[in-house]
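1. Sequence plus predicted model, see below.
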Amino acid sequence: MTLLKVENLSVGYKTKKGLLNAVNNISFTLEQGKSLGFVGESGCGKTTIGMTLMGLLPENANILQGDIYFNGSNLAHFNDEKWRNFRGKEISMIFQAAMNAMNPVIRVDEQVMEAIEVHNPDMPRNEIHTKVKKLFNMVEIPENRLKDYPHQYSGGMKQRAIIAMALACNPKLIIADEPTTALDAIVQDQILKEIKEIKKGLNTSIIFISHDIAVVADVCEDICVMYGGQIVEKGKREEVFKYPRHPYTKTLLASYLNLDSDKDIKVPEIQKPPNLITLTGGCNFSASCICKSKNCINHAPEWVNLSPTHQAFCCEETLGKDKND
Amino acid sequence: MIENDNKLTPIIELNGITKEYCAKATFFSKGYTSVMALDNINLAIQKGDIFGLVGQSGSGKTTLGRLLLKLESPTKGIMKFNGKSINDLKGKGLKTYRSKVQMIFQDPYQSLNPHLSIAETILEPLIVNKIGDHNSRKEKAIETLDTVGLTPGKEYYDRYPHQLSGGQRQRVAIARAIVLDPEFIVADEPTSMLDATIAIQLFKLLQQIKEKYNMTFFFITHNLAAAKYLCNKIAVIHNGIIVENGPSDQVIQHPEHPYTKQLIQAQPKLNF
């Protein structure tokens, strides 16, 4: 069953210098119980997508075009009232900096309770208590730490509490925006296991946003690679990471260091990120691309089907060139 | 001959360094509790090394970095720089030491003063240490900007930090660190805030600088893969104790301590 369908979505920010196209004509779908990962460098529009899906765009941002279908309703046309009832209940979010995502003067369990109370005003108090205990049990926070304040928690525990909060109303979709970026490798490993278990146990869909390709590859079945507000390649994780076709995906993979990396890996040359205010309407990666066709600068490439599930947003010429490498 | 000398006297030598933080009794808590941040650290860093210190948050990595810069003093133990003790450095001696030892911080968004232009940021260490005159300083600053890959240096000279991207800011921070031609640089997670594509370019830059100026680097990180790529020696620190120390290939391919094995295990991998 298709849970989320985004069609031709563009989001722009009004700035002093003009309209900044943070997200540019993107489309993707997500099935119930599946996970979708967005990777790309900072400023490529990953977080803007997450914020759009949560209805949390700042004042100066607007959905310029496109539709977001979630379970039959079009989120692009929601008003504040509708968002209030929807947010947290159907879609919830795990934010990047767990340190700052909690209120420092309210006990942790009360913050989780608040989320449940808002959406279930008739639920009796003791039932809410049982639910909170169950949630903390699920994320493996011992019961005697429930009444603590956030500052008494370590970074990993705070992130767990945030996950418990996100799960409070049994949402159908969880958006995780760089949930492990502030954590070190060992804690990151634990949190990722946690997220995978939750997804399996509750059949929740997950949108996972990160700049770390290994983390995304660990959690997600489907991958969208983004550059300059555009999705440049999408497909199953094996397809995208084992047989990358778009030149940017290749650069991204080449610059990823793991324990088996050679000492003399080729350092990719990435020029300045594209100026998202003065877009030419072409491929945003064309300035740094190996393809020097002038066409790409002014004409958007077509989606090329590489397999039924694997697509690249690139010109045939470049994709063909790569094959011979 | 010189090579032999260097082998005999490491540039940095730490003998039994211990750092204890005491939390004082406050209105809300009673009694003294002390935190052992570093416990009996023994390390020797040779000239020309890129020495990696790997550990998880709270393991004492940054504390050790701060001790090396003399921003804090050890509770116990002796620190030597080029064979001479630096424990009791004061006044002029400390100033000279600080000009030879520089730091690159983690967060390029916070480590640069937003009120100072790139030129002022890089000139400041030269002015403080009274090196050269107005013109030669400017020349040196532009040359350093070129070295760190902000070319042409003249174009970046009068800009302000907010006009630069994260990667460019970190390059400015590197320029500020190397402008005095220091012998030893402490880099505390210099790329953890940056994207992979930018991080790898900075690693290459650090290697070039090391080769060009024969500087010694102390690289603090929690990313074992980055340490393996950049460093020739790695020490693994856990709860203030160095649990493993050796050439980087050996530490990663044949880890002996269970904590090192756990770290390697937890490292995200790209295989399905």
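-> That came through, no problem.

2. Can you name the residues that contact residue A:10?
-> A:21, A:23, A:24, A:25, A:26, A:63, A:64, A:65, A:66 (C-beta atoms under 8 Å, 6 or more residues apart in numbering or on different chains). C-beta: built from backbone N, CA, C; applies to glycine.

3. check contacts around the nearest residue to it once chain neighbours are set aside.
-> Using C-beta to C-beta, 6 or more residues apart in numbering or on different chains and skipping residues adjacent in sequence, the residue nearest residue A:10 is residue A:64, 4.2 Å away. Contacts for residue A:64 (C-beta under 8 Å, 6+ apart) come out as A:10, A:11, A:12, A:21.

4. Narrow the contacts of residue A:10 to just the buried residues.
-> A:21, A:23, A:24, A:25, A:26, A:63, A:64, A:66 (16 or more other C-beta atoms under 10 Å in any protein chain shown).

5. just to revisit the earlier point, assign the residue nearest to residue A:10 to helix, strand or coil.
-> At residue A:64 the chain is in strand, as set by DSSP: H, G, I helix; E, B strand; the rest coil.

6. what's the closest of the buried ones among the contacts of residue A:10 to residue A:121?
-> residue A:63 (30.2 Å; C-beta to C-beta).

7. Distance check, that closest one against chain B.
-> According to C-beta to the nearest C-beta, to the nearest Å, residue A:63 stands 27 Å off from chain B.

8. Can you spell out which residues form a bridge with that residue?
-> Using DSSP bridges, the beta-bridge partners of residue A:63 come out as residue A:11.

9. Next one: it, what pLDDT does it get?
-> Looking at residue A:63, its pLDDT reads 92.

10. Return the distance of it relative to residue A:49.
-> 11 Å (C-beta to C-beta, to the nearest Å).

11. Give me the distance between stretch B:209-225 and the centre of its chain.
-> 8 Å (C-alpha atoms, centre = their mean, to the nearest Å).

12. With stretch B:133-148 instead?
-> For stretch B:133-148, the distance to the chain centre is 23 Å (C-alpha atoms, centre = their mean).

13. ok, back up a step: from chain B, how far off is the residue nearest to residue A:10?
-> Distance from residue A:64 to chain B, by C-beta to the nearest C-beta: 25 Å.

14. Over to the residue of the stretch 1-150 of chain B at minimum distance from chain A: give its phi and psi.
-> Closest to chain A within the stretch 1-150 of chain B is residue B:56: 4.2 Å, counting by C-beta to the nearest C-beta. For residue B:56, the backbone dihedrals are phi -90, psi 170 (criterion: degrees, to the nearest 10).

15. which residue packs closest to it, ignoring adjacent ones?
-> Nearest one to residue B:56, counting by C-beta to C-beta, 6+ apart, is residue A:184 at 4.2 Å.

16. next one: residue A:65
-> In space, residue A:65 is closest to residue A:10, 4.9 Å off (C-beta to C-beta, 6+ apart).

17. In chain A, where is pLDDT below threshold?
-> A:98-99, A:262-272, A:292, A:317, A:320-325 (pLDDT under 70).

18. Would you map out the domains in it?
-> Domains of chain A are assigned by automatic domain parsing as A:2-220, A:244-325.

19. Out of those domains, flag the one nearest residue B:70.
-> Among these, domain A:2-220 sits nearest to residue B:70 (C-beta to C-beta), with 26.6 Å.

20. What's the end-to-end length of that closest one?
-> Counting by C-alpha to C-alpha, to the nearest Å, the length from the leading to the trailing residue of domain A:2-220 is 17 Å.
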